[in-house]
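J.: sequence plus the predicted model coming up.
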Amino acid sequence: MRRVPLFDGGVCNYEAFESRAPIFEKIMDALRNDNINSIGVMGIGGVGKTTIIKQVAHQAKQERLFTKQLYLDASWIRHSNKLRQEVILDIQEKIAEMFNWKFEDWFRDESKRAVELKKRLKKKKTLIILDDNWTEIHDLEEFGIPSCKDDEDDVNECKIVLTSRSDEGLLSKDMIMGAQTCFAMETLSPDEALTLFKKTGAGGADFVVEENITELIKECEGVPLAIVTIANALKDETMDAWKNALEHLKNCAAVDGKKKVVYSCVEWSYTHWKDDDVKSLLLLCGQLDYGDISIDRLLQYAIGLDLFHTIHSLDQARNRLLELVEILKALSWLIELDHRPNQDRHNFVRMHDVYYDVVREIASKDPRPFVFKEDVVGLEEWLKSDESKMCAFLSLHCKVVPELPQQLVCPKLQCFLLRNNNPSLNIPIPNTFFQGMKKLKVLDLSYMGFTTLPSSLDSLDNLRTLLLDQCHKLEDIALIGKLIKLQVLSLVGSTIQKLPDEMEQLTNLRLLDLNDCKELEVIPHNVLSILSRLECLRIRLSNAKLLPKDIQFENLTRYAISIGYESGSGITNRSLKLSEVNISLDLGDGIRKLLERSEELEFEESSGTNYVLQYPLGGESFVKLKHLKVGESPEIEYIIDSKDQRVLEHCAAFPLLESLVLNSMENLQEVWHGHPIPRGSFGNLKTLNVEYCDKLRYLFSFSTARSLSQLENMTIRWCEAMEQIITYERELEDEYDEGGTNVELFPNLRTLKLEDLPQLINFIPELETNASPEDSSFNHKVSFPKLEELKLLYVPKLKDVWNPQRLFGSFSNVRILKDVYMGFALCLAYLGQSAISLSI
């Protein structure tokens with residue numbers, strides 16, 4: 001069979017079969033055709049449209065057909081309760097982000113923004129993939145996406161690929177989004193279906209014969225999603241299970257027809273899972289709003305619903321949650337989001353829209369049904385039904401300004417999600433509203449527009465999770481002090497100015513999220529101190545004085561604490577960001593202990609000391625630190641102070657540090673000050689950025705540099721006094737060196753940028769007494785065998801960059817060479833022989 005290039009990340013991620021090759025090539029030909037700007041791909045749900053379109057995107061990237069590519073999953077719009085204007089803004093913002101275009105400089109009106117976006121996109125060689133769109137986006141230009149040329153002389157460099165479950169909206173000449181060419185995705189042939197089924201590993205048992213498999217996949221009708229679903233479910237199953245699955249599919253097919261085959265496979269697979277935790281998590285994913293599902297939000301719901309009742313710590317609960325998520329990924333029920341940034345990719349998942357529909361249908365048939373009401377209209381009648389008396393989960397969306405009933409009587413309700421489609425409107429919640437739901441464990445009122453909490457909230461004696469995110473009008477939350485069983489409280493983005501004294505009563509609280517509460521100015525002295533069970537804290541404070549000095553964080557295992565910054569979020573589990581903080585005066589013992597345990601540290605405009613970190617500081621001494629960033633702190637002379645003689649007896653310092661960023665440190669003299677650094681320190685450092693450090697003469701000593709074997713990216717800019725990147729301090733290093741001076745430095749460096757360094761003489765000096773005068777700035781210890789990009793800009797005192805005799809061994813992999821001064825004409829002559837691309 002002919003193989004089509006695969007893109008790793010589709011739902012099924014199956015082999016590219018013979019039947020797929022022609023459509024793949026036709027789509028690629030259309031992308032290469034200058035006369036085609038819009039392409040449609042259609043097919044039934046689960047046939048593989050997303051998979052092949054991601055393969056196409058991957059191939060287009062390999063061929064460099066476009067300078068930018070943007071993947072947009074439009075299926076969330078179909079299930080979204082956002083207003084039309086919000087949907088348009090969301091899409092427009094995603095497009096603008098791709099080019100770093102700032103909307104604040106543009107028109108506020110979405111139609112005028114659309115005109116501007118369309119004008120700009122036409123000039124860019126851009127591929128926009130709009131996946132799983134039905135009729136939600138029927139006018140591309142309403143969103144600012146140019147769908148075709150306006151006239152023969154018009155230039156449109158932007159291309160659009162649309163996928164849909166039907167051809168409606170793709171071929172209609174009456175619609176602006178009509179695709180110029182459209183391709184239909186067909187189902188797999190019997191041989192291809194059999195190959196796909198076997199690829200999952202199902203059918204390996206002795207009792208399974210080819211006839212069993214052939215008969216089963218025949219009922220799947222060649223739909224890849226159906227085949228993968230049923231095959232995964234039958235792994236390690238008995239012969240009775242195989243017979244049961246076949247009978248189920250035959251009966252369903254006879255009743256519902258071809259279009260329901262995927263639903264039948266999904267339903268049977270769910271029913272026969274043995275792991276109740278997996279089932280519970282899947283139902284929970286189906287309950288949440290469609291789109292990207294946050295792992296953090298799943299954890300908050302899971303804790304409230306006590307899904308992991310035998311687990312007693314948040315870390316253990318999160319680990320169990322991640323384990324279940326991986327199981328669902330392996331079964332193809334959840335998808336990892338490859339279109340998100342790397343730091344977010346593992347924090348979000350998404351459910352295939354076919355699975356999403358089936359899961360909601362399954363949940364609605366549960367003995368304790370899950371109910372989804374898209375509008376308040378008819379709610380009074382529903383409350384008279386038996387379903388309302390048995391309902392365990394209720395999701396209620398307000399599309400218009402409604403009048404909520406005085407009381408929502410749902411005696412078995414455990415989870416309630418109330419949404420306001422227009423947060424700018426204030427939807428009053430009657431004070432008696434919550435009195436009829438005594439068993440409620442999870443309450444999500446995020447994005448609601450109320451100013452105070454309804455008084456009946458104190459009747460929720462069993463409430464464990466309360467989510468009040470983005471409640472921009474909320475002022476008084478004193479009532480939550482009566483929710484003594486509360487374990488999770490989230491107020492992200494709320495406008496509260498003070499934490500109430502009543503919070504002292506929340507002694508069972510384990511997770512508190514106050515991130516992005518920009519108006520929070522008062523924290524009573526004992527409120528945080530008394531929360532002794534707190535394991536996870538996210539908080540943003542305007543200044544350090546809001547945090548009591550005597551506060552201890554003994555049980556915190558996860559935190560994102562931001563003082564003086566706009567946001568408290570981080571990219572790790574333990575993040576501490578301090579801005580405009582006097583390190584000597586403002587930090588209490590509790591925060592100092594968090595410094596040692598942090599995975600991410602950021603300091604800006606620090607004062608009160610001439611160093612940032614003291615090493616060793618205490619028991620943990622930064623062994624978990626992965627990212628360190630220091631900027632705009634004129635009092636700082638040293639990043640790390642190691643005057644203590646004990647440092648020589650210590651193990652490697654900062655063993656997990658991945659990135660070090662120093663910016664605008666006008667009096668910085670040394671990165672490491674004092675006794676020589678322990679051998680092997682900084683051994684995991686991958687990224688080093690130093691800018692505007694005018695008194696820094698060198699970065700590292702030789703003994704430190706030889707530990708940087710994992711360094712991949714180095715950028716040094718605008719450092720007026722920098723003479724050498726690496727120096728050799730013989731009096732400090734001779735006895736420590738032990739003959740290691742022949743070590744090859746930076747074997748994994750891929751990017752090197754040296755810019756505006758007027759005093760830079762060389763990268764590293766020669767150490768041997770018999771060094772030849774022709775030795776270059778990059779001597780034999782710096783081989784850079786993996787260097788791919790080199791940029792040198794305004795380094796007037798730098799010697800010849802390459803010794804011609806060593807050029808090809810040291811820089812043979814360089815593919816991007818930028819801004820090299822013509823003073824290096826000799827070395828450029830040699831470069832001309834090495835097929836290195838120049839951009840000067």
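T.: Okay, I see it.

J.: next one: stretch 471-486 to chain centre, how far?
T.: Here stretch 471-486 is found 30 Å from its chain centre; the criterion is C-alpha atoms, centre = their mean, to the nearest Å.

J.: not counting it itself, show me its contacts.
T.: Residues from elsewhere that reach stretch 471-486, judged by C-beta atoms under 8 Å, 6 or more residues apart in numbering: 423, 426, 445-453, 455, 457-458, 460-466, 468, 489, 491, 493-497, 500-509. For glycine as for every other residue, the C-beta is placed from the backbone atoms N, C-alpha and C.

J.: take the residues you listed and keep only those in strands.
T.: In this view, the contacts of stretch 471-486 that belong to strands under DSSP state E are Thr465, Leu466, Leu489.

J.: so the last one touches Leu509, yeah?
T.: Yes. Using C-beta atoms under 8 Å, Leu489 is in contact with Leu509, at 6.1 Å.

J.: now do the helices in the stretch 201-350 of the chain.
T.: 210-219, 224-233, 239-256, 261-271, 276-287, 295-305, 314-330, 342-345 (DSSP state H, counting those that start in this stretch).

J.: and the residue nearest to Glu221 when sequence neighbours are not counted, how close does it get to Asp132?
T.: Leaving out its chain neighbours, the residue that sits closest to Glu221 by C-beta to C-beta, 6 or more residues apart in numbering is Val261, at 5.0 Å. Look at Val261 and Asp132: by C-beta to C-beta, to the nearest Å, they are 19 Å apart.

J.: the two: which has the busier surroundings?
T.: Val261 (26 against 23; other C-beta atoms under 10 Å).

J.: wait, what's in contact with the more buried one?
T.: Counted by C-beta under 8 Å, 6+ apart, Val261 has contacts Glu219, Cys220, Glu221, Val223, Ala226, Leu249, Cys252, Ala253.

J.: so the second one touches Leu249, yeah?
T.: Read that as Cys220. Yes. Using C-beta under 8 Å, Cys220 makes contact with Leu249 at a distance of 7.3 Å.

J.: now do the shared contacts for those two.
T.: Common neighbours of Cys220 and Leu249 (C-beta under 8 Å, 6+ apart) are Ile230, Val261, Cys265.

J.: with distance to Asp240 as added columns, please give these in CSV.
T.: Shown next, in CSV, are the shared contacts of Cys220 and Leu249 (distance: C-beta to C-beta, whole Å):
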residue, distance to Asp240
Ile230, 15
Val261, 22
Cys265, 18
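
J.: do a quick rundown of the helices in the stretch 601-750 of the chain.
T.: Counting by DSSP H, counting those that start in this stretch, the helices of the stretch 601-750 of the chain are 702-705, 730-737.

J.: rank those by pLDDT, which is bottom?
T.: Mean pLDDT per stretch puts helix 730-737 lowest among those, at a mean of 48.

J.: please pull up the helix or strand immediately following that helix.
T.: For helix 730-737, the succeeding helix or strand toward the C-terminus, using DSSP states H and E, is strand 751-755.

J.: tell me the secondary structure at Pro120.
T.: Careful, residue 120 is Arg; it's not Pro. Put simply, Arg120 is helix when judged by DSSP: H, G, I helix; E, B strand; the rest coil.

J.: I'd say it and Met98 touch.
T.: No. Taking contacts as C-beta under 8 Å, Arg120 lies outside contact range of Met98: 10.8 Å.

J.: just the helices of the stretch 201-350 of the chain: most buried one?
T.: helix 224-233 (a mean of 26; mean count of other C-beta atoms under 10 Å).
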